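Participant: Sequence below, structure please.
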Amino acid sequence: MFGIPGKQAVTMTPKAAEQIARLMTSGGHAGLRIGVKKGGCAGMEYTMDYVDQPDTNDEVVEQDGARIMIAPMAQMFLFGTEIDYEVSLLESGFKFRNPNVVDACGCGESIKFDESIATQP
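Facilitator: I've put the predicted structure just below:
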């Protein structure tokens, strides 16, 4: 596991926790797995998938009835991230406030991380 002992890698705002708990209940899922993959104009993209059972190496974060699993390869990129859920006139969705992001594309869907993060032990 990556990070500081006793500190969760990712936190959720009350709105995000409420939305994730709602999705878990309505779909009968154990939670959402969050990860990152190569893609997009800035180089990386967040991924979110329904999970029926956590993998052995997932970091599990539980808060206010919501459960997220962080894929092992994403843990170092997501440490310190706050997940929010925002609703506006044009769109609604999860927003990631990630201190490890050094650049993002205009649409906000694609991000770039400090390259030194990937080389940390």
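
Participant: gap between the residue nearest the centre of the chain and residue 99?
Facilitator: For the chain, residue 34 is the residue whose C-alpha lies nearest the centre (C-alpha atoms, centre = their mean; 4.4 Å). Applying C-beta to C-beta, to the nearest Å, the value for residue 34 to residue 99 is 16 Å. Placement of C-beta: from N, CA and C, glycine included.

Participant: got it, and residue 81?
Facilitator: Remark: distance between residue 81 and residue 99 (C-beta to C-beta) = 7 Å.

Participant: Likewise for residue 58?
Facilitator: Taking C-beta to C-beta as the measure, residue 58 falls 21 Å from residue 99.

Participant: neighbour-wise, which of the two wins?
Facilitator: With neighbours defined as other C-beta atoms under 10 Å, residue 58 and residue 99 compare such that residue 58 has more, 21 against 10.

Participant: Backbone dihedrals for the more buried one, please?
Facilitator: Here is the backbone geometry of residue 58 (degrees, to the nearest 10): phi -70, psi 140.

Participant: residues near the spatially closest residue to it that is not a sequence neighbour, how many?
Facilitator: With sequence-adjacent residues excluded and distances taken as C-beta to C-beta, 6 or more residues apart in numbering, residue 58 is closest to residue 69, at 3.9 Å. Here the number of neighbours of residue 69 (other C-beta under 10 Å) works out to 23.
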